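Q: A predicted structure for the sequence below; I have some questions about it.
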Amino acid sequence: MKIIGLTGGIGSGKSTLLKFIQQNGIPCFESDKVGKELLDTQLKKDVINSFGSYLYETGKLDRNKLAELVFNDSGALNKLNNIVHPAVGRVFEKFKVEKRDNPIIIKESAILFETGIYKNCDLVILVCAPLEDRILRVIHRDGSNREAVLKRIIKQWDDTKKRPLANFIIENNKLEIAKYQLEEILTKLLIH
Ligand code: ATP
């Protein structure tokens with residue numbers, strides 16, 4: 001079984017393409033989504049111990065407060081990563097065992113390169129899109145504003161740094177063309 005990483009910056013279209021992969025019956029692990037779920041369940045106690053209960057005033061994690069806390073504090077961000085990443089890793093290990101009869105599984109994460117997790121993947125697919133398109137897509141999707149989107153984008157690696165590390169690159173400008181590129185990649189992966 002091969003582990004295929006799927007990554008791309010915010011608004012590049014990872015989740016959109018992942019749905020297409022899922023429709024093809026290929027098991028997909030959404031790392032960021034699993035991390036968010038764990039923060040509301042198993043990891044709640046650890047987060048409260050590290051950062052205080054004010055982050056869970058309503059019972060659920062206040063993501064804005066957490067983002068505010070870690071945004072300009074690399075120490076707090078490291079602490080949070082040390083809570084979340086190993087826990088997501090454990091869930092992924094179980095997923096791998098459950099799906100072991102499949103020729104390929106997909107591991108999706110926005111920060112696959114930034115975290116170094118790509119080193120545990122056999123191959124990596126990178127989704128790219130023009131910066132301005134990504135900004136407009138996220139504004140439209142989240143009802144966010146330009147400044148907030150840019151702030152998140154500059155925290156991630158630039159595509160120029162990611163491209164040389166990827167095995168396959170999908171240019172997600174027109175969705176139909178991107179889906180076609182993805183289909184070609186999946187066919188190659190399933191043949192070899
Ligand atoms: P994030 O890292 O924030 O989760 P993402 O990479 O998963 O982002 P998506 O959520 O898949 O990105 O896409 C962002 C938005 O752009 C969505 O609303 C999606 O429907 C839209 N979108 C994706 N691809 C295209 C495209 N080629 N043309 C127009 N809109 C697109």
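A: Structure's in. What do you need? Please read these numbers as outputs of a predicted model, since none were measured by experiment.
Q: For the residue nearest the centre of the chain, give its distance to residue 84.
A: Ranked by distance to the mean C-alpha position of the chain (C-alpha atoms, centre = their mean), the top residue is residue 109 at 2.1 Å. The gap separating residue 109 from residue 84 is 11 Å, by C-beta to C-beta, to the nearest Å. In short, each C-beta sits where N, CA and C put it, glycine included.
Q: wait, isn't the residue nearest to the centre of the chain in contact with residue 5?
A: Yes - using C-beta atoms under 8 Å, residue 109 is in contact with residue 5, at 7.3 Å.
Q: what do those two both touch?
A: Shared contacts of residue 109 and residue 5 (C-beta atoms under 8 Å, 6 or more residues apart in numbering): residue 117.
Q: Would you mind naming what in this protein lies close to the ligand?
A: Contacts of the chain with the ligand, taken as C-beta under 6 Å from any ligand atom, map to 8, 10-16, 110, 137, 141, 172, 174-175, 178.
Q: which of these are buried?
A: Buried members of those, scored by 16 or more other C-beta atoms under 10 Å, are 8, 10-15, 110, 137, 172, 178.
Q: show me where this protein has strands.
A: Secondary structure of the chain by DSSP state E: the strands cover 2-8, 28-30, 104-108, 123-128, 168-171.
Q: For these, give me TSV that also has mean pLDDT.
A: Below are the strands of the chain laid out as TSV (pLDDT from 0 to 100):
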stretch	mean pLDDT
strand 2-8	98
strand 28-30	98
strand 104-108	98
strand 123-128	98
strand 168-171	98
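Q: Those strands: which one's closest to residue 37?
A: In terms of C-beta to C-beta, the element of the strands of the chain nearest to residue 37 is strand 28-30, at 9.5 Å.
Q: Could you list the paired strands of that closest one along with their orientation?
A: Paired with strand 28-30 in the same sheet, following DSSP bridges, are strand 104-108 (parallel).
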